[in-house]
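>>> Predicted model follows, preceded by the sequence.
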Amino acid sequence: MASAFNSKPKIVNGPGGYVLEDVPHLSDYIPDLPTYPNPLKNNPAYSVVKQYFVHDDDTVPQKVVVHKDGPRGIHFRRAGPRQKVYFQSDDVKAAIVTCGGLCPGLNTVIRELVCSLNYMYGVNKVLGIDGGYRGFYARNTITLTPKSVNDIHKRGGTILGTSRGGHDTTKIVDSIQDRGINQVYIIGGDGTQKGASAIYEEVRRRGLKVVVAGIPKTIDNDIPVIDKSFGFDTAVEEAQRAINAAHVESESIENGIGVVKLMGRNSGYIAMYATLASRDVDCCLIPESPFYLEGPGGLFQYIEKKLKEQGHMVIVVAEGAGQDLVSESIQSMQKQDASGNKLLQDVGLWISQRIKDHFAKHSTMNINLKYIDPTYMIRAIPSNASDNVYCTLLAQSVIHGAMAGYTGYTSGLVNGRQTYIPFYRITETQHKVVITDRMWARLLSSTTQPTFWCAKDVIEDKREEELFDQSGDDDEQCPDANSIANEIIHIPNNSVKV
Ligand SMILES: Nc1ncnc2c1ncn2[C@@H]1O[C@H](COP(=O)(O)OP(=O)(O)O)[C@@H](O)[C@H]1O
Ligand SMILES: O=P(O)(O)OC[C@H]1O[C@](O)(COP(=O)(O)O)[C@@H](O)[C@@H]1O
Ligand SMILES: [Mg+2]
């Protein structure tokens, strides 16, 4: 196994509370590296562009909203081509690997990496690693050329294949060294970027002139710092088809209920944005917002109300929602996938059954429920136009960084600008929907669903012990939760994100 060697974060402090969370550079651990003029200077496509090169000191703020007297805050290095590069085109041997679950746009990123390395920097040795991390040591490589990848952006999935598990740092770095690879482009989610960080540390420990760079991939949009992940737009758009179908089905029959399950293991972004986009959804359930079924303020009561009011309803549920409730009633054998991710129970099937059982036993209403699970259909499609452009920019940005000698970074969009983000910032947390944030408030007001917030919890949050003492109520169900829905959004010390 690899050593536990961990390089220190590169943090630069400046005046006015300015902080640069910088990324490592090959020259940090290899002295006297030669540099070369950037070949883009002679490229007719770019040489006419005024100020095409990014200034070395350009940085991008993590937060654009600041207070007048507040500190300038955290910044990331701006991505883009530099005047000097640390590789000669003929010396570059690049490798590309895709890991984790599928996501629309993977093939577009692969295509743009191969083409941009070639067209911008004259690099013609690019290898594809077959089947994720384990492909480094267990499979042959795939030769990639602009010609061989020309059409792949029109296909879903990844032409390189992917996998979970199989990350063996030592074997991977041995393979990188044996094959003479000096730029490694790693496309994947939170797990993959942790793996990339381990590879970078081992490469650095061995003193190799090898750039390790990540491209963030997550259909769930659960990677922190970046504005959004590629494939997310496509997923939200494709989810509309399933929601439309659920709406048409439920609307066409008396007391029709359409239930749609969408992806989102720990983060409910696809469900939230698909709901906001559709306007046909009456209830959106996400992992970040616990809910309950029975009693006042519960889901069953709300369904009954909606059916009486409009004769039908649509429910969108993210796959990670209500897992605590599901596991109370279903026992599962397998707890984790090969990467160590918790395996989830099918909340869509579970909730559909619970709704049917409830109305059969406790109501005179004859409901008609249709359950739609489009999750893998959504994940497997090619990326849409806007994601295609985004994938291109990501691929080009990550290449510029590698050619300029930066390493140990993930390329990502921050406040609309491409940046280089140190691995640890990408892997330390997950991006989740903040249910005290304005976006969730917009969703609640658009669906009119119950907040499912327990009055007791809200009061605890709001005035802490003071009101908790008065209530003295430890009951799970909180009849008053709905009436304070709007109030919570304005609680000052409730970390409202603006
Ligand atoms: N903490 C970790 N350290 C090293 N490698 C990891 C780590 N977590 C996950 N990986 C590897 O990253 C790859 C993808 O991880 P996974 O969680 O399946 O998908 P994603 O990257 O999309 O989150 C797998 O090959 C897995 O072995
Ligand atoms: O069934 P699989 O292929 O293991 O993947 C299911 C998981 O993959 C995802 O689509 C994406 O997860 P990752 O980003 O960790 O790959 C999740 O939403 C989902 O839970
Ligand atoms: Mg993941």
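Good, I have the coordinates. Ligands and ions are numbered 1, 2, ... in the order given.
>>> Please make it C-alpha for all contacts and neighbour counts, starting now.
Fine.
>>> can you name the farthest residue from the center of this structure?
Thr364 (43.3 Å; C-alpha atoms, centre = their mean).
>>> For the stretch 301-450 of the chain, just list every one of the strands.
Listed in chain order, the strands of the stretch 301-450 of the chain (DSSP state E, counting those that start in this stretch) span 312-318, 368-372, 409-414, 417-422.
>>> Of all those strands, which one comes closest to ligand 2?
strand 312-318 (8.9 Å; C-alpha to the nearest ligand atom).
>>> Quickly run through the sheet partners of that closest one, with directions.
Paired neighbours of strand 312-318 in the sheet (DSSP bridges): strand 256-262 (parallel), strand 283-285 (parallel).
>>> Columns mean neighbour count and distance to ligand 3 on top of those, output as a markdown table?
Converted to a markdown table, the strands paired with strand 312-318 look like this (neighbours: other C-alpha atoms under 10 Å; distance: least, C-alpha to the ion, whole Å):
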| stretch | mean neighbour count | distance to ligand 3 |
| --- | --- | --- |
| strand 256-262 | 28 | 15 |
| strand 283-285 | 25 | 20 |
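>>> mind checking how far Asp58 is from Tyr420?
Relative to Tyr420, Asp58 is positioned 11 Å away (C-alpha to C-alpha, to the nearest Å).
>>> which residues do these two both contact?
Listed contacts common to Asp58 and Tyr420 are 77-78; contacts here mean C-alpha atoms under 8 Å, 6 or more residues apart in numbering.
>>> So for the two, which sits in the more crowded spot?
Neighbour count, other C-alpha atoms under 10 Å: between Asp58 and Tyr420, Tyr420 has more, with 30 against 13.
>>> pLDDT score for the nearest residue to that one once chain neighbours are set aside?
Leaving aside its sequence neighbours, Tyr420 sits nearest to Ser411 (C-alpha to C-alpha, 6 or more residues apart in numbering; 4.8 Å). pLDDT recorded at Ser411 is 97.
>>> show me what contacts Ser411?
Per C-alpha under 8 Å, 6+ apart, neighbours of Ser411: 79, 213-216, 394, 397-398, 418-421.
>>> Next, count neighbours for Gly405.
Neighbours of Gly405 (other C-alpha under 10 Å): 25.
>>> which residues does it contact?
Gly405 sits in contact with 25-27, 85-87, 211, where contact means C-alpha under 8 Å, 6+ apart.
>>> ok, now with 7 Å
Gly405 makes contacts with 25-26, 85-86, 211, as judged by C-alpha atoms under 7 Å, 6 or more residues apart in numbering.
>>> for those, which one is nearest ligand 3?
Val211 (23.0 Å; C-alpha to the ion).
>>> any idea how far that closest one lies from ligand 2?
23 Å (C-alpha to the nearest ligand atom, to the nearest Å).
>>> Near ligand 3, which residues of the stretch 51-200 of the chain are found?
By C-alpha under 5 Å from the ion, the residues of the stretch 51-200 of the chain that approach ligand 3 are 189-190.
>>> And the helices in the stretch 51-200 of the chain?
Under the criterion DSSP state H, counting those that start in this stretch, the stretch 51-200 of the chain contains helices at 106-121, 135-138, 169-179, 190-205.
>>> Single out the most deeply packed of the ones you listed.
helix 106-121 (a mean of 25; mean count of other C-alpha atoms under 10 Å).
>>> For it, output the C-alpha coordinates as PDB.
Extracted in PDB, the C-alpha atoms of helix 106-121 (Å, rounded to 0.1, in the frame of the first residue of the first chain):
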ATOM      1  CA  LEU A 106     -18.200  11.600 -19.900                       C
ATOM      2  CA  ASN A 107     -17.500  10.900 -23.600                       C
ATOM      3  CA  THR A 108     -17.500  14.600 -24.400                       C
ATOM      4  CA  VAL A 109     -14.800  15.200 -21.800                       C
ATOM      5  CA  ILE A 110     -12.700  12.300 -23.100                       C
ATOM      6  CA  ARG A 111     -13.100  13.600 -26.700                       C
ATOM      7  CA  GLU A 112     -12.200  17.200 -25.800                       C
ATOM      8  CA  LEU A 113      -9.100  16.000 -23.700                       C
ATOM      9  CA  VAL A 114      -7.800  14.000 -26.700                       C
ATOM     10  CA  CYS A 115      -8.600  16.700 -29.300                       C
ATOM     11  CA  SER A 116      -7.500  19.700 -27.300                       C
ATOM     12  CA  LEU A 117      -4.200  18.000 -26.200                       C
ATOM     13  CA  ASN A 118      -3.600  17.400 -29.900                       C
ATOM     14  CA  TYR A 119      -4.900  20.600 -31.500                       C
ATOM     15  CA  MET A 120      -3.700  23.100 -28.900                       C
ATOM     16  CA  TYR A 121      -0.500  21.500 -27.600                       C
END
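>>> quick one: is it near ligand 1?
No: using C-alpha under 6 Å from any ligand atom, helix 106-121 stays clear of ligand 1, with a minimum separation of 11.6 Å.
>>> cool, and stretch 419-427?
No: among the residues of stretch 419-427, none lie within reach of ligand 1 under C-alpha under 6 Å from any ligand atom; the closest is 8.9 Å away.
>>> Tell me where the model's unsure across the stretch 301-450 of the chain.
331-334 (pLDDT under 70).
>>> what does it put close to ligand 2?
The stretch 301-450 of the chain comes close to ligand 2 at no residue, as judged by C-alpha under 6 Å from any ligand atom.
>>> what's the distance between the residue of the chain at minimum distance from ligand 2 and Thr375?
Of all residues in the chain, Gly101 sits closest to ligand 2, at 3.3 Å by C-alpha to the nearest ligand atom. Applying C-alpha to C-alpha, the value for Gly101 to Thr375 is 12 Å.
>>> ok, now Ser278?
17 Å.
>>> So for the two, which residue has more residues nearby?
Under the criterion of other C-alpha under 10 Å, the comparison of Ser278 against Thr375 puts Thr375 first, with 19 against 16.
>>> which residues sit in contact with that one?
Per C-alpha under 7 Å, 6+ apart, neighbours of Thr375: 261-263.
>>> pLDDT for those residues - can I get that in CSV?
Supplementary listing: the contacts of Thr375 in CSV, determined by pLDDT from 0 to 100:
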residue, pLDDT
Lys261, 98
Leu262, 98
Met263, 97
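>>> how about CSV for these, with distance to Ser175 added?
Below are the contacts of Thr375 laid out as CSV (distance: C-alpha to C-alpha, whole Å):
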residue, distance to Ser175
Lys261, 40
Leu262, 38
Met263, 34
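>>> restrict the residues you listed to contacts with ligand 2.
Among those, ligand 2 is touched by Met263 when using C-alpha under 6 Å from any ligand atom.
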